[in-house]
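Trainee: pasting a predicted model and its sequence here:
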Amino acid sequence: MTWTPNSVKSVFHIFDAPGHGKDICDSGDDYPGGSPDGFKIQDQMREFARLKINFTCVKVNESCNKMIDVMRDSYGQGGMVLNITDLAKACSTKSQAEVTKEFVAKSSYILSVAVGGGASTKTGSGPKSAAKVVRKGDPLWEPKDLAVG
């Protein structure tokens, strides 16, 4: 992607299963040698870090732990910290509506921090023109708008 100098660069990735390869997947995998397209999550995470793209994982079960650990290590090599929203317990103990509400609340907060310039630093490496978003306890959108059923 092409970014302007003031772009807020963020990725939100929802995980319900690990990727391919023994290095990131402990369960049955049709491609134990890795992704059939040749991509390696380690290389991709180092590139996200190099480009200073904020990365947030939303985990909905425990099967992704090994992959997230590998992603965290690779991303951290570039001096970045992987954000993890853990909804695994909620997904196993709550209704779909409750999980949707929790997901919306957590992700809207993360988004408000990213868009609101929360990544700005004194060194000037963060966004300079992003308006501060003030969280008032409500999500940025209504969970009922996302409900399926």
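Mentor: Structure's in. What do you need? Numbering: from 1, shown residues only.

Trainee: from here on, just use CA atoms for contacts and neighbour counts.
Mentor: Fine.

Trainee: and the helix or strand hosting Tyr75, what's buried?
Mentor: Using DSSP states H and E, Tyr75 sits in helix 65-76. Across helix 65-76, burial judged by 16 or more other CA atoms under 10 Å covers 65-68, 70-75.

Trainee: and the contacts of it?
Mentor: Residues from elsewhere that reach helix 65-76 (CA atoms under 8 Å, 6 or more residues apart in numbering): 18-19, 23-26, 41-43, 45-46, 48-49, 57, 81-82.

Trainee: which of the residues you listed fall within helices?
Mentor: Applying DSSP state H to the contacts of helix 65-76, the entries found in helices are 41-43, 45-46, 48-49.

Trainee: filter the residues you listed down to the buried ones.
Mentor: 41-42, 45-46, 48-49.

Trainee: and Ile84, backbone torsions?
Mentor: phi -130, psi 120 (degrees, to the nearest 10).

Trainee: spatially nearest residue to it (excluding sequence neighbours)?
Mentor: In this structure, Ile84 finds its nearest non-sequential neighbour in Cys57, 4.7 Å apart by CA to CA, 6 or more residues apart in numbering.

Trainee: and of the contacts of helix 65-76, the nearest to Glu98?
Mentor: Cys57 (19.3 Å; CA to CA).

Trainee: ok, that closest one to Asp37 distance?
Mentor: 22 Å (CA to CA, to the nearest Å).

Trainee: show me which of those two is the more surrounded one.
Mentor: It is Cys57, of Cys57 and Asp37, that has more neighbours when counted by other CA atoms under 10 Å, with 18 against 6.

Trainee: beta partners of the more buried one?
Mentor: His13, Ile84 (DSSP bridges).

Trainee: and the gap between it and Lys106?
Mentor: Relative to Lys106, Cys57 is positioned 12 Å away (CA to CA).

Trainee: what do you get for Asp73?
Mentor: 23 Å.

Trainee: next one: Ser35
Mentor: From Ser35 to Lys106 the distance is 30 Å (CA to CA).

Trainee: alright, I will stop here.
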